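Trainee: pasting the structure only:
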């Protein structure tokens, strides 16, 4: 786990820095702050509205359902039976629904303490979660699942993919219903994961709303003294990148790898959450979340910014249509994704969905970025 | 010309950074020079088609060869007008190109169970090509060896002694390879997903180019394990400059550039916190000027190029270049050429940060990709 603390490193950076260089760099920074342009108040308004109406409520929802999941796990593990497992599975679905609604948000408290990886270590082409879960269960080391130890252990077993294996994996339910130490340990592992999810979600809400981090305040009050955002546009960039990431996750991570080039070439096991048969449900929820970030959940969002500030209602119409159409395509597929991609009758709809999500991603990265003056370059978008 | 003689011949000029000399330096070079050297870079055109391009200092393209997918870095041959372009990771091909004819000489397919990471370098005599690759079943980095005299047949591999090797360079002794093991585990089944952010451990590894034996290794302090060592540039006295990408929280303010001088620790180069902040935890590429004394690092997310004096580690200047990423030594000492993903190239004076448009004939609709190389056509 990273224990990098930014203030300490910042100080060290300043100490190492010679005085002479200060003079040489002022030009660049003066020019940069000139970017704090006449839309500054609009960027700020957008940021504050999206944090209040989109980001925080969605994390609050995640905190509520994971809290309930932890309560359920505590009760069920006291005496595991089929109705209890049904309740756990329902709690898993409800919690993962909420996670899919925030998975696109890539900045702020989710970045701290590796929370993103700990919530959902996926994709996992090396099956790290499965292997490490197997090792944990084989060893039945109780000290490893005590909360304080668990959250410092491997991230791969701390979140939804591990929980899914324990609730929906091959033979998982039977293993929970069996008598003996292993069944007890498996359920306690479920409870440890639920506790971890609950704690992280609650911490994220706390970090957004107040506490040491108070990230909503940071977003709401950009300026020279603000270590994260010198101006509102920089915070808008983070929100915009979350919108873009939302589409990228669906197009590049969730659809393209399992889809392959053809039905024969399809890789159903590369789909997300295939064990719990909810790959498409995840995608729909991701798309709805991105759409709502765009629309501003009925408040001031990118859509209103486009119309009112950027003066481009045509692009707004186009984006609204694109979201609607992509979602309609996603909703029109009524078999599980891993089945659909290998079924000649269903596959064309998934291929269409892949094309539409990619096009929407491109529309956001090219047209929307340009219209709202957010720099999204060929190289700056890249990670290489 | 021998690279060392070339460098020492130019070194004197670098000691005269007077204003007049600078202004003259930034003036366009006469046309005859442009035929001897070619800038090489991957690009995407306005229709998102991918190419490898060779252009002269006026921006006239000698060639633009289509690529099946997006390209990444180029390895110029040290002795003849030839170069290899690598596919962007997880890449499955590389192309050897005749720079004079502007033609593909050979297509190199990645070996079974391996993919390219996007960078490579030739041996000093040009007989071998070394390419950073992923042994993805094992999750270990390897250096693929290709026989440049036999259609780039793969003749073996070395371990990179780390995970996720990215850039690779040859030191001035001609026998030491230096590899940036970025530390990030990836797998082609989840293209470009980072699979080990919690445990990543980057390293700078030195290998004997003749045997693959590990010679030395440098690492950052443990609390900086999320600083991925990605790109390299080798300066005078084999100072190895490293340009890094931080994988931790975006609000962390961490140094992103370092120098390793063969032994001891990696020196992290200081910058004012505002500059570090504007680099946005992401360096795109690195280059050393033709004198070997000045380091330039691009930070495309911040739209910034940052320059340091390699010997003293002193920051010299910054230049604003939107989506600027490709960086190569300019025609004269103490100059750099920086290309932009938004199109165009800039000639930059690293002592002042002054920049102006260069290579004016470049198509403004082209998006220049991550890396820019300057290759000699004279051999």
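Mentor: Cool, the structure landed. Since the structure is predicted, the reported quantities are computational estimates derived from the model, not experimental observations.

Trainee: show me where chain A dips below the pLDDT cut-off.
Mentor: A:1-37 (pLDDT under 70).

Trainee: can you tell me the element residue A:219 falls in?
Mentor: helix A:215-220 (DSSP states H and E).

Trainee: buried residues in that helix, which are they?
Mentor: A:215-216, A:218-220 (16 or more other C-beta atoms under 10 Å in any protein chain shown). Placement of C-beta: from N, CA and C, glycine included.

Trainee: same question for stretch B:304-321.
Mentor: Here stretch B:304-321 shows B:304-310, B:313-321 as buried, counting by 16+ other C-beta under 10 Å.

Trainee: rewinding a little: tell me what the helix or strand just after the helix holding residue A:219 is packed against?
Mentor: Sequence order places helix A:232-248 as the next helix or strand after helix A:215-220, per DSSP H and E. Contacts defined by 3 or more C-beta pairs under 8 Å, 6 or more residues apart in numbering or on different chains; DSSP states H and E place helix A:232-248 against helix A:40-50, helix A:279-295, helix A:347-363.

Trainee: need the residues that contact the helix or strand following the first one.
Mentor: Next along the chain after helix A:40-50, taking DSSP H and E as the criterion, comes helix A:56-78. Contacts to helix A:56-78, defined as C-beta atoms under 8 Å, 6 or more residues apart in numbering or on different chains, come from residues A:84-85, A:87-88, A:91-92, A:94-95, A:97-99, A:101-102, A:105, A:184, A:187-188, A:190-191, A:194-195, A:197-198, A:200-202, A:204-205, A:208-209, A:216, A:289, A:297.

Trainee: which of those fall within strands?
Mentor: Counting by DSSP state E, none of the members of the contacts of helix A:56-78 fall within strands.

Trainee: among those residues, which lie within helices?
Mentor: A:84-85, A:87-88, A:91-92, A:94-95, A:97-99, A:184, A:187-188, A:190-191, A:194-195, A:197-198, A:200-202, A:204-205, A:208-209, A:216, A:289 (DSSP state H).

Trainee: drop anything exposed from these.
Mentor: Judged by 16+ other C-beta under 10 Å, buried ones among the ones in helices among the contacts of helix A:56-78: A:84-85, A:87-88, A:91-92, A:94-95, A:97-99, A:184, A:187-188, A:190-191, A:194-195, A:197-198, A:200-202, A:204-205, A:208-209, A:216, A:289.

Trainee: please compute how far stretch A:327-339 lies from its chain's middle.
Mentor: 21 Å (C-alpha atoms, centre = their mean, to the nearest Å).

Trainee: next, the buried residues of that stretch.
Mentor: Neighbour-count burial for stretch A:327-339 [16+ other C-beta under 10 Å]: A:327, A:329-330, A:333, A:336-338.

Trainee: measure how buried residue A:298 is and give me the count.
Mentor: 10 (other C-beta atoms under 10 Å in any protein chain shown).

Trainee: tell me the spacing between it and residue B:81.
Mentor: 62 Å (C-beta to C-beta, to the nearest Å).

Trainee: what's the answer for residue B:209, then?
Mentor: 23 Å.

Trainee: more neighbours: which of those two?
Mentor: For residue B:209 versus residue B:81, neighbours defined as other C-beta under 10 Å are more numerous around residue B:209 (24 against 19).

Trainee: wait, doesn't the more buried one sit right on residue B:169?
Mentor: No - when contacts are counted by C-beta atoms under 8 Å, residue B:209 is not listed as touching residue B:169 (10.7 Å).

Trainee: which neighbours do the two share?
Mentor: residue B:177.

Trainee: can you pull the contacts of residue B:323?
Mentor: Residue B:323 neighbours (C-beta under 8 Å, 6+ apart): A:375, A:377-380, B:300, B:303, B:340-342.

Trainee: on that earlier part again, closest to chain B out of the helices and strands packed on helix A:232-248?
Mentor: With C-beta to the nearest C-beta as the measure, helix A:347-363 is the member of those nearest chain B (8.7 Å).

Trainee: which element follows that closest one toward the C-terminus?
Mentor: helix A:369-371.

Trainee: how about that following helix: buried residues?
Mentor: Buried residues in helix A:369-371 (16+ other C-beta under 10 Å): A:369, A:371.

Trainee: and that helix, does that touch chain B?
Mentor: No - if you take C-beta under 8 Å from any C-beta of the partner chain as the test, helix A:369-371 misses chain B, and the best it gets is 10.8 Å.

Trainee: need the contact partners of that helix.
Mentor: For helix A:369-371, using C-beta under 8 Å, 6+ apart, the contacting residues are A:240, A:244, A:306, A:310, A:312, A:315, A:375-376.

Trainee: stretch B:171-179 now?
Mentor: B:4, B:121, B:123-125, B:130, B:132, B:141, B:143, B:160-162, B:165, B:167-170, B:204-210, B:215, B:232, B:234, B:238, B:240.

Trainee: run the chain-centre distance for that stretch.
Mentor: On C-alpha atoms, centre = their mean, the centre of stretch B:171-179 falls 15 Å from the chain's centre.

Trainee: show me what contacts the closest residue to residue A:274 other than its chain neighbours?
Mentor: Among residues not flanking residue A:274 along the chain, residue A:338 sits closest, at 4.9 Å (C-beta to C-beta, 6 or more residues apart in numbering or on different chains). Going by C-beta under 8 Å, 6+ apart, residue A:338 touches A:258, A:268-269, A:271, A:274, A:279.

Trainee: report the separation between residue A:338 and chain B.
Mentor: 15 Å (C-beta to the nearest C-beta, to the nearest Å).

Trainee: wasn't that residue part of a strand?
Mentor: No - counting by DSSP: H, G, I helix; E, B strand; the rest coil, one finds residue A:338 to be helix, located in no strand.

Trainee: noted, bye for now.
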